[in-house]
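Novice: quick one, fold the following:
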Amino acid sequence: MVRVTADVEWEGDTPADLARDLDRFGELVVEEVNRALEDLALMVEREAKQRAPVDTGTLRASIGHVVEQIGAGFARAVIGTNVEYAPEVEFGTGPHTITGTPLRFTADGETVFATTVQHPGTPAQPFLGPALHAVEDDINDRLREAVRRAERRV
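Specialist: Sure, this is the predicted structure:
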């Protein structure tokens with residue numbers, strides 16, 4: 001969570017002027033935070049792409065982001081991938097059974113046929129979580145600065 005505090009000095013003539021300026025400030029905060037969210041989402045995306053393990057490059061190429069408006073004055077940045085196997089890469093898998101009709105593979109130089117195989121699991125290769133953690137300080141700093149920019153623009 002980002003906490004922003006500010007000392008406000010206001011120069012105006014009437015309560016109506018104050019109300020107008022507060023409304024304007026709210027609009028500017030939304031605008032500046034949305035701009036910052038776009039930049040921050042791109043930073044996390046780039047970091048995740050650098051950290052993603054590469055075999056064919058499909059996973060790395062699929063990492064993207066979108067900034068969504070989720071209500072009046074609220075937005076969120078979503079960074080991720082639509083590749084089906086991404087969670088297994090990020091978090092790993094436990095031991096599991098692979099079932100096929102039939103499976104054919106090579107073990108110890110010999111071709112083996114089976115309808116089930118016990119897989120020992122795959123270790124995690126986190127890329128999204130560490131990417132977010134790597135830019136955490138930037139996120140806090142840039143969101144604070146977005147509010148300060150809005151304050152200067154009122």
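
Novice: could you measure from Leu42 over to Val89?
Specialist: The gap separating Leu42 from Val89 is 22 Å, by CB to CB, to the nearest Å. Using the backbone N, CA and C atoms, a C-beta is placed for each residue, glycine as well.

Novice: so those two - more neighbours on which side?
Specialist: When Leu42 and Val89 are compared for neighbours, Val89 comes out ahead with 21 against 15, by other CB atoms under 10 Å.

Novice: and the pLDDT at that one?
Specialist: Looking at Val89, its pLDDT is 97.

Novice: assumed it was part of a helix.
Specialist: Yes: under DSSP: H, G, I helix; E, B strand; the rest coil, Val89 sits within a helix.

Novice: how near is it to Glu151?
Specialist: Distance of Val89 to Glu151, given as CB to CB: 42 Å.

Novice: next SSE after the helix or strand containing Ala41?
Specialist: Using DSSP states H and E, Ala41 falls within helix 15-51. Next in sequence after helix 15-51, counting helices and strands by DSSP H and E, comes helix 58-62.

Novice: other SSEs contacting that following helix?
Specialist: Applying 3 or more CB pairs under 8 Å, 6 or more residues apart in numbering; DSSP states H and E, we find helix 58-62 packed against helix 86-91.

Novice: can you give me the buried ones in the helix it packs on?
Specialist: Residues of helix 86-91 classed as buried: Ala86, Val89, Glu90 (neighbour count, 16 or more other CB atoms under 10 Å).

Novice: now tabulate the residues you listed in TSV and tack on distance to Asn140.
Specialist: Below are the buried residues of helix 86-91 laid out as TSV (distance: CB to CB, whole Å):
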residue	distance to Asn140
Ala86	27
Val89	28
Glu90	24
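
Novice: closest to Thr97 among these?
Specialist: The closest of those to Thr97 turns out to be Val89 (CB to CB; 19.9 Å).

Novice: out of everything not next to it in sequence, what's closest to the closest one?
Specialist: Among residues not flanking Val89 along the chain, Gln125 sits closest, at 5.3 Å (CB to CB, 6 or more residues apart in numbering).

Novice: quick one: that neighbour is in a helix?
Specialist: No: counting by three-state DSSP, one finds Gln125 to be coil, located in no helix.

Novice: what's the pLDDT at it?
Specialist: Here the pLDDT value assigned to Gln125 is 98.

Novice: flag the helix or strand of the protein with the lowest per-element mean pLDDT.
Specialist: None of the helices or strands of the chain scores lower by mean pLDDT, DSSP states H and E than strand 96-107, at a mean of 85.

Novice: fine, thanks again, bye for now.
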